[in-house]
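**Q** fold the following, please.
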Amino acid sequence: MPKILIVDDEADIRKLLTDYFEINGYSVMTAKDSREALQKVEQQPDLVLLDINMPEQNGLQLCGKIRDFVSCPILFLTARIEDADKIAGFRAGGDDYILKPFSIRELGARVEAHLRRELRIQNKSSVRFNEDLVIDYTARELYFQNKRIPLAKKEFDIIELLSIHPGMVFEKEQMYETIWGFDKQGDSSVIAEHIRRIRSKLKECNCANRIETVWGVGYKWTSL
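**A** Here you go, the predicted model:
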């Protein structure tokens, strides 16, 4: 069942599209703003319907933020009719541009066409967004404001373990056994040194610290 993410600040539009696509066999997620959309994008939708005119961060800005990390088709829904607006949409990374008001049957046909094309490509990656911080688990890379932060293998292993369980406290010994393995000779105190390096690299990029020390226990990943 294809998954569609609908991002629109108008509740009526979200409901109309949700009803239509669910009746036609799709799994539908919705978001009313860019913050919710970033969380839902982590669930790897097969296609995104994105309104341009949203408060705070608009659809063009959101598209530009996620485009390098999300390979699925992104279709803009908008009332803007100028050619310059369409060009801006395509340059932001959109794959199609659908004017409001639209024929919902035509929209459904375009969605089907994009999904068929996407099936021929099938190039998904696994990513997580924390505001301007992006963790690409497939490429094992970390980005802040689209700039890559170089990490050693164990440093990324630590970020991966903590970030896929946000808010969960890990003891140092537990982290050492998970990342280094039971058979490895060593001391769990090495965890503290690796985390110090990770924090230093985040700070160099003006990225806020995301690894919180839980005194007497261990560490946990925090989202801003």
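**Q** so Lys147 sits right up against Cys205, yeah?
**A** Yes. Taking CB atoms under 8 Å as the definition, Lys147 is a contact partner of Cys205 at 6.4 Å. The way it works is simple: take the backbone N, C-alpha and C, and place the C-beta from them, glycine included.
**Q** could you check which of these two has the larger neighbour count?
**A** Using other CB atoms under 10 Å as the criterion, Lys147 and Cys205 rank with Cys205 on top: 15 against 11.
**Q** Arg148 is in contact with the more buried one, correct?
**A** No. In this structure, Cys205 is not within contact of Arg148 by CB under 8 Å, at 9.4 Å.
**Q** tell me, how many neighbours does Leu162 end up with?
**A** Residues lying near Leu162 (other CB under 10 Å) number 24.
**Q** phi, psi of it?
**A** The phi and psi values for Leu162, taken as degrees, to the nearest 10, are phi -70, psi -40.
**Q** any idea how far it lies from Arg199?
**A** Using CB to CB, to the nearest Å, Leu162 is found at 12 Å from Arg199.
**Q** what about Gly25, which SS state?
**A** Assigned with DSSP: H, G, I helix; E, B strand; the rest coil, Gly25 falls in the coil class.
**Q** wait, it sits on Met1?
**A** Yes. In this structure, Gly25 is within contact of Met1 by CB under 8 Å, at 6.3 Å.
**Q** got the CA positions of the helix or strand where Leu49 lies in PDB?
**A** Remark: Leu49 resides in strand 47-51, with elements defined by DSSP states H and E. Provided in PDB are the C-alpha atoms of strand 47-51 (Å, rounded to 0.1, in the frame of the first residue of the first chain):
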ATOM      1  CA  LEU A  47       5.200  10.500  -2.300                       C
ATOM      2  CA  VAL A  48       4.700  14.000  -0.700                       C
ATOM      3  CA  LEU A  49       1.900  16.500  -1.600                       C
ATOM      4  CA  LEU A  50       3.200  19.800  -0.400                       C
ATOM      5  CA  ASP A  51       1.300  23.100   0.000                       C
END
